[in-house]
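Asks: this one's sequence-less:
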Ligand code: KIV
């Protein structure tokens, strides 16, 4: 994809959108050479890269550093950066400053969790030239409000609210919407009701695209293994195997070999 306009085109042409969350230049370079459509600099960086227990610990500065690194690795790709915890809630000026910093760091667009109470700010950002991707369902920045990482939209009232929120985001001008951890029937219903594309994570097969965190699909984390993630690599075993092979070679004086010694 060359721009955010390609998201709407993909939905019109029924071409599933493929999004991957990554945080550094090396992985972005790999993704830039791949068949994925766009890169998400998710605030999951706070957990995956920095080891925090939740995304609440992500800051604007942290997200700008990762966004700039991803942009350097993938100069021509659509890069969407997460607006971190509370950065939309500190008022319009703060939100503009945070979104502006992410755009100047290299983002093509920003992603914002939730909509209620921040309609005016979302609209202002969009009218200021900052494309906005919405994020509904299990919005991880609200994990404490939800009492844990739980499937959202299970009751009829919650499902109705989520659909109404999705329609509000579309009306405000969002170009796409992440639906996280919601029942597949609800995700299908919302996707059908919207013109903008939906991108699911733990939301079943009938969204207009799918997103996964790169470290998850590579199977790098031996602890975090939710049902909705498919491991395309057993990265944890492979990396451990490679690192242990290096350690054994050093201890057995097999590394470096003659051809690995500089003259
Ligand atoms: O932070 C993130 O990586 C995300 C995706 C899981 C959608 O928001």
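Replies: Right, received. Where do you want to start? In this text the structure is predicted, and so the values were computed from the model without any measurement.

Asks: list phi and psi for residue 180.
Replies: Backbone geometry at residue 180, expressed as degrees, to the nearest 10, gives phi -110, psi 130.

Asks: number of nearby residues for it?
Replies: Other residues within reach of residue 180, judged by other C-beta atoms under 10 Å, total 22. C-beta coordinates here come from the backbone N, C-alpha and C atoms, glycine included.

Asks: quick one: the helices in the stretch 51-200 of the chain?
Replies: With helices called from DSSP state H, counting those that start in this stretch, the stretch 51-200 of the chain shows them at 60-73, 92-105, 119-127, 143-146, 156-172, 184-193.

Asks: out of these, indicate the one that is most buried.
Replies: Compared across these, helix 60-73 shows the largest average neighbour count, a mean of 21 (mean count of other C-beta atoms under 10 Å).

Asks: and the residue of the chain found nearest the ligand, what is it in contact with?
Replies: In the chain, no residue comes nearer to the ligand than residue 42, which is 2.2 Å away by C-beta to the nearest ligand atom. Neighbouring residues of residue 42 by C-beta atoms under 8 Å, 6 or more residues apart in numbering: 21, 23, 55, 82, 111, 213.

Asks: swap in residue 48?
Replies: Taking C-beta under 8 Å, 6+ apart as the contact definition, residue 48 lies against 23, 213, 215, 221.

Asks: so what's the residue count around the third one?
Replies: For residue 215, the number of neighbouring residues by other C-beta under 10 Å comes to 22.

Asks: leaving out the residues flanking it, which one is nearest to it?
Replies: For residue 215, the nearest residue in space outside its immediate sequence neighbours is residue 48; the separation is 5.1 Å by C-beta to C-beta, 6 or more residues apart in numbering.
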